[in-house]
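Enquirer: Sequence and predicted structure, then a few things I'm wondering about:
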Amino acid sequence: MFTNKNNRGTEAFKLLSFALTAIYFLGIALIDGPIWCVDTQSYVTMEMSREPLYPLFLLGLRSLFETLHISNELYGFPAYLTLAVLLQSALWVFSTCYLGFYVLSVTAPLGEKKSRLLSAAAILGQIGVASLNRFVAGRGSMYSESLMTESIAMPLYVIFTVVLIKSFDKYDMRAILKLFFLGVLICSVRKQMLIVLLTWGFASFILHLFVKRHRSLKNFSLTVIAVVLAYVSITLVDCGYNYAVRGVFMTHTGNSKGGLDTLLYTATAEDAELFADVDPAEYPELKELYSRIYEACRDQHLTIDDAPGYELKEKSNVLNSDWIAMSTHYAESYDVIGFDVVLPIREAYVEDHFPELDDVHSRLKQDEIEKLFFQKLLKNTLGNILHGKDRGALYVLTANILRAFVISIANVTPGILVKISGIIYVLYLAVFIALLLKKKSYQRQVAARMMFTVLAGIAINSVITGSMIFPQGRYMCYGMGLFYLSLLCGILI
């Protein structure tokens, strides 16, 4: 009788949690309507630089409404966009409850009160992160109602993380296939999410090679094969999409953009000599092209020379300089370099020297040039770092990675949050170590696994994002709710 009563209480708790979560996400979506963002147009028009899944998602809804002859507008936009944000919000509801109900199930033996407390914390953590962006942060909207890839990449990341944590209980082919298909799905939404494959591989490396109860060379080998196949599949999906849309079997363009923008920030006028040996028949006047780009960056104060926090020049580092001010200047310069400087100059160059190319092949040529610039500057920068002649690149790298870690769980302003973030990370590690030293129970094993997986995901995302593009909230907050949930679980279990 007690068990039946307890089960009824659990089901009632789950039903109430689901209802309140649905009311919140869908209610905000209906109040605000679709949020048109800076990047939205490029998804709607299926621009070449975008990954395939989100443009196809919007295309599918648009085609459905055209088939049904629905041409109405809602909130000032075509009605299909309202359906898009409702579906996106429904995905957030599912991922939030999926996390909360998993925590409820795992912690049930700890008692009804603690189990429901931790489950509620899991759900409220996801709602809280979404609410920060709507009611506190400058963007004034939730990602669930925004017409951008984060709207579905973020909830998919939560689902993937839960599936990964669960998989190590029974790491069979079914679990591997789930991770495989989720990985392909999420990375086809947003290329940054390749971090999920790295997190999966790293977690398997540690657990299957170094943790006695999970040790299995076979399972680690299967993981490596699955991760490689997932990457190949993601590439094929990307190429197949572009072949169907543009008639060219190619991945989306712009993969070198982030790295190039960063390298231009710390480049010099003398770096033009790197392009002196490029075949002029294939890329005429490439040295002059670089000089035009660099001079434009310098004239618009978009290089590290104009950054506060770089007063010590090549001697600057995160220990002796204001790295927050420098990384803020870099963040403000990043998109200006890419879109306002490199893009128009690159387009004009291709138009002048390759007028015979159609639009698609013109964009491919521009992408080739961007990739060549990136490779040449990267090789030179790495050589300079190794020979102690670095001009701020290592400073920018370390500052961005530090900034990424901070933004993953808080913000860099006000400055006190940077120190608080450091304390929280130390506390997190201390709780994790204490959890490993305690007498093992299944719940503690899951809590330790969760803490490890979440922190690994944040660390990988911080290093990758800090290395290639500038850290901002929408790139870094994927694991924020999971981080604080894991910390709470580590303390209470």
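Expert: Happy to help now that I have it. Residues are numbered from 1 along each chain as shown.
Enquirer: List the buried residues for the helix or strand harbouring Ile324?
Expert: If you go by DSSP states H and E, Ile324 is part of helix 323-335. Neighbour counts over helix 323-335 (16 or more other Cβ atoms under 10 Å) mark Trp323, Ile324, Met326, Ser327, Thr328, His329, Tyr330, Ala331, Ser333, Tyr334 as buried. Every residue, glycine included, has its C-beta placed from N, CA and C.
Enquirer: again with stretch 272-282
Expert: In stretch 272-282, counting by 16+ other Cβ under 10 Å, buried: Ala272, Leu274, Phe275, Val278.
Enquirer: mind listing what's buried in the helix or strand where Ile195 lies?
Expert: If you go by DSSP H and E, Ile195 is part of helix 195-210. Across helix 195-210, burial judged by 16+ other Cβ under 10 Å covers Ile195, Val196, Leu197, Leu198, Thr199, Trp200, Gly201, Phe202, Ala203, Ser204, Leu207, His208.
Enquirer: Check which helices and strands that helix is in contact with.
Expert: helix 150-167, helix 173-189, helix 217-246, helix 442-468 (3 or more Cβ pairs under 8 Å, 6 or more residues apart in numbering; DSSP states H and E).
Enquirer: pLDDT of that helix, averaged?
Expert: For helix 195-210, mean pLDDT is 97.
Enquirer: now what about that helix, what contacts it?
Expert: 157, 160-161, 164, 168, 171, 179, 182-183, 186-187, 214-217, 219-220, 223-224, 227, 230-231, 449, 452-453, 456-457, 460-461, 464 (Cβ atoms under 8 Å, 6 or more residues apart in numbering).
Enquirer: Next, the angle helix 150-167 makes with that helix.
Expert: Interaxial angle of helix 195-210 relative to helix 150-167 (axes from the mean of the first three to the mean of the last three Cα atoms, to 10 degrees): 10 degrees.
Enquirer: so how far is helix 195-210 from its chain's centroid?
Expert: 18 Å (Cα atoms, centre = their mean, to the nearest Å).
Enquirer: what does stretch 326-333 give?
Expert: That offset, for stretch 326-333, works out to 19 Å (Cα atoms, centre = their mean).
Enquirer: Same question for stretch 387-400.
Expert: The answer for stretch 387-400 is 23 Å, by Cα atoms, centre = their mean.
Enquirer: Quick check: buried residues in the host helix or strand of Leu289?
Expert: Following DSSP H and E, one finds Leu289 within helix 286-299. By neighbour count with 16+ other Cβ under 10 Å, helix 286-299 contains the buried residues Leu286, Lys287, Leu289, Tyr290, Arg292, Ile293, Tyr294, Ala296, Cys297, Arg298.
Enquirer: One more: stretch 474-493?
Expert: 474-490, 493.
Enquirer: what's the distance between Pro55 and Leu91?
Expert: Taking Cβ to Cβ, to the nearest Å as the measure, Pro55 falls 17 Å from Leu91.
Enquirer: With Ile304 instead?
Expert: Distance from Ile304 to Leu91, by Cβ to Cβ: 40 Å.
Enquirer: residues touching the nearest residue to Leu81 once chain neighbours are set aside, list them.
Expert: The shortest distance from Leu81 to any non-neighbouring residue, by Cβ to Cβ, 6 or more residues apart in numbering, is to Pro34 (4.1 Å). By Cβ under 8 Å, 6+ apart, the contact list for Pro34 reads Tyr75, Phe77, Leu81, Thr82, Ala84, Val85, Glu145, Leu147.
Enquirer: Nearest to Arg444 among these?
Expert: Glu145 (38.0 Å; Cβ to Cβ).
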